[in-house]
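Colleague: here is a sequence together with a model predicted from it:
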Amino acid sequence: MTVRRRLPLPVLLVLAIAACGHGEPFAAPDSDLDGPLAPGEPARLTYGDGVGEPGWLPDGSSIIYGGPRLAGDRLDRCLSVLPATGGTVRREICHPSIFDESVVDVFGSPDVSAGGLLAFHYVNAPGGGNPAFAGIFAAPLDAPVVTSAVRSVPFTGPDGLFYVGVSHPRWLGETGIVFVAYAQELVIPCGGCDAQVYTHPRTLFRAAAAPGGALVPVPGGAFATSVSAGATADEIYFTLAADTRIYHLRLSTGEQTVVHDFAADGIARDVHFGGGRLTAIAGGKLQVVQAPVGPLQVADDGGHLFLLEPATGAVRRLTDDTRWFRHPAISPDGTRLVGEGHAVLLSGPDTTVNPRPDLWMYAAP
């Protein structure tokens, strides 16, 4: 069956570069063009159809991100590697066959460890419908093949809750991962309203990046919405639903502190650490449903992009009201910041946001 529909970006984690059921590495097209497509501050890196969720290679030489690719009559979402200064894609990580039109593959949200292991979201959807399977895998960036699953998704957590996916996969050193797990909640939003099922970020988990590794809930991580590894494998930063603060946690001791409170700037999310600095999103447009179990953060159209200096407490807002951001990532040396930018049409309470972003890069002096 020919598939032309776009799948929503998944919340299903894979630690590897691979399409399920295929063991060979993916092809890597070559190019020799460098430089942003539109220089400036910020510089525009892509003119795509909904690209985003960027990450950095550990040496800071390249940006890796998710974006659409037409494979025959099938529209997949692949991973692309772009020079750190912008330019032409150097490598594409996608389904190895362009002839299987019955399967839609969706990749996104990559994270690369210092040792060259890659984490990313993956969904394998026959006919472009419900996923046939998904899981957590681990493999080197240089040899992107599927081996044994670390964990299948969905899964039942040690807390007895059923989780339907994950987001914000992050490496803790070379052998551990941390991620946000998503659950579903049945809610009657108002008197006389029909019941609705909301998929929402629910729990922050740690796990060994090996088959059968036990899941460990992170203290204070209930209703976490984003997470980032810190300067060492023993520390993380995270945000919570309907909360304006960024938290720092030392995993070995459980010591938790507030790094910054955005207060009137709005709800914090999409925190990321690099080069001694933090970036995060605050404010903008998102939906939070208050449920008996707690706040459910169920939709996010982006917000203002901030750069923070934890050592000094300095905070700088980088964006105006013409473009909102999601999923920012700061380079390993802290000198560049890239994120997916959404054009904004302001019209009071009915603000409209372009759902198809491009990558934009700021210098972070």
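Modeller: Yep, it's here.

Colleague: okay, stretch 318-337 in PDB with CA atoms only?
Modeller: What follows is the C-alpha trace of stretch 318-337 in PDB, where atoms were taken according to Å, rounded to 0.1, in the frame of the first residue of the first chain:
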ATOM      1  CA  LEU A 318      17.600  35.100  23.000                       C
ATOM      2  CA  THR A 319      14.300  35.200  21.200                       C
ATOM      3  CA  ASP A 320      11.600  37.700  20.400                       C
ATOM      4  CA  ASP A 321       7.900  37.100  19.700                       C
ATOM      5  CA  THR A 322       8.200  36.300  16.000                       C
ATOM      6  CA  ARG A 323       9.600  32.800  16.500                       C
ATOM      7  CA  TRP A 324       9.200  30.300  19.300                       C
ATOM      8  CA  PHE A 325      11.500  27.400  20.000                       C
ATOM      9  CA  ARG A 326      11.500  23.700  21.100                       C
ATOM     10  CA  HIS A 327      14.200  21.200  21.800                       C
ATOM     11  CA  PRO A 328      17.300  23.400  22.000                       C
ATOM     12  CA  ALA A 329      20.700  21.800  22.300                       C
ATOM     13  CA  ILE A 330      23.900  23.600  23.300                       C
ATOM     14  CA  SER A 331      27.200  22.400  21.800                       C
ATOM     15  CA  PRO A 332      29.700  20.400  24.000                       C
ATOM     16  CA  ASP A 333      31.900  23.500  24.400                       C
ATOM     17  CA  GLY A 334      29.000  25.800  25.100                       C
ATOM     18  CA  THR A 335      29.700  28.200  22.100                       C
ATOM     19  CA  ARG A 336      26.800  27.400  19.900                       C
ATOM     20  CA  LEU A 337      23.100  26.800  20.500                       C
END
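
Colleague: list the contacts for the spatially most central residue of the chain?
Modeller: In the chain, the residue lying closest to the centroid (C-alpha atoms, centre = their mean) is S109, at 3.9 Å. By C-beta atoms under 8 Å, 6 or more residues apart in numbering, S109 lies in contact with E53, G55, G66, A119, F120, H121, S167, H168, P169, H327. Where you see a C-beta, it was placed from the backbone N, CA and C, and this is true even at glycine.

Colleague: quick check: L141 touching F120?
Modeller: No: contact criterion C-beta atoms under 8 Å: L141 and F120 do not qualify, at 10.4 Å.

Colleague: give me the below-cutoff pLDDT ranges for the stretch 1-150 of the chain.
Modeller: 1-38, 71-74, 95-103, 121-133, 136, 143-149 (pLDDT under 70).

Colleague: swap in 50 and give it another go.
Modeller: 1-31, 98-99 (pLDDT under 50).

Colleague: for the residue nearest to the centre of the chain, helix, strand, or coil?
Modeller: Applying DSSP: H, G, I helix; E, B strand; the rest coil to S109 yields a three-state assignment of strand.
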